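Participant: fold the following, please.
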Amino acid sequence: ALIVLEQEKEAQSLLLTRLEAQFDEACLTAYAQLSLDTTRQLNYLNQLDQQHPFNAHIQLALGIVLLRDQQWDAARKAIEQSIALCPQNEAYRYLALYYERRGDERHARQSLLLGLDSQA
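Facilitator: Numbering: from 1, shown residues only. All right, here's what the predicted structure looks like:
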């Protein structure tokens, strides 16, 4: 809710406090959506990835930050890795966003449809 209300500093403080207290997958996507320095976010998420390898939520968070940083190939790979580990509609939505930003409407639409199928 704080992110939607554009209260980034408050959201950042709460999320980092939570993540430092204990590893909480539920906070990772919200953390990745914060408009923070992407280098710091990527460093933090890469540390988590080393501590918790093969975690779909970490891969998705990495993909989100990489999208914001316009590291297109790395973003796609991280999101696809998230989907390979645990297909979830949110990851497909970000994959569609990747394709949309790359001007590939056909694959964007296909990703959204796959995300809908993953809910069933």
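Participant: tell me the pLDDT of the residue most central in space within the chain.
Facilitator: Of all residues in the chain, the one closest to the mean position by CA atoms, centre = their mean is A61, 2.8 Å from it. We have a pLDDT of 97 for A61.
Participant: equivalent analysis for L2, please.
Facilitator: Reported pLDDT for L2: 51.
Participant: same check on the one 5 residues further on?
Facilitator: We have a pLDDT of 60 for Q7.
Participant: before we move on, what about the one 3 residues further on?
Facilitator: What the model reports for E10 is a pLDDT of 73.
Participant: which phi and psi does H52 have?
Facilitator: Geometry field for H52 lists phi and psi as phi -130, psi 70, criterion degrees, to the nearest 10.
Participant: what about it, how many neighbours?
Facilitator: 12 (other CB atoms under 10 Å). All C-beta atoms are positioned from the backbone trio N, CA, C, and that covers glycine.
Participant: spit out the contact partners of it.
Facilitator: Contact analysis of H52 by CB atoms under 8 Å, 6 or more residues apart in numbering lists F23, I58.
Participant: over to the one 5 residues further on?
Facilitator: With contacts defined as CB under 8 Å, 6+ apart, H57 is in contact with E25, A26, L28, T29, S82.
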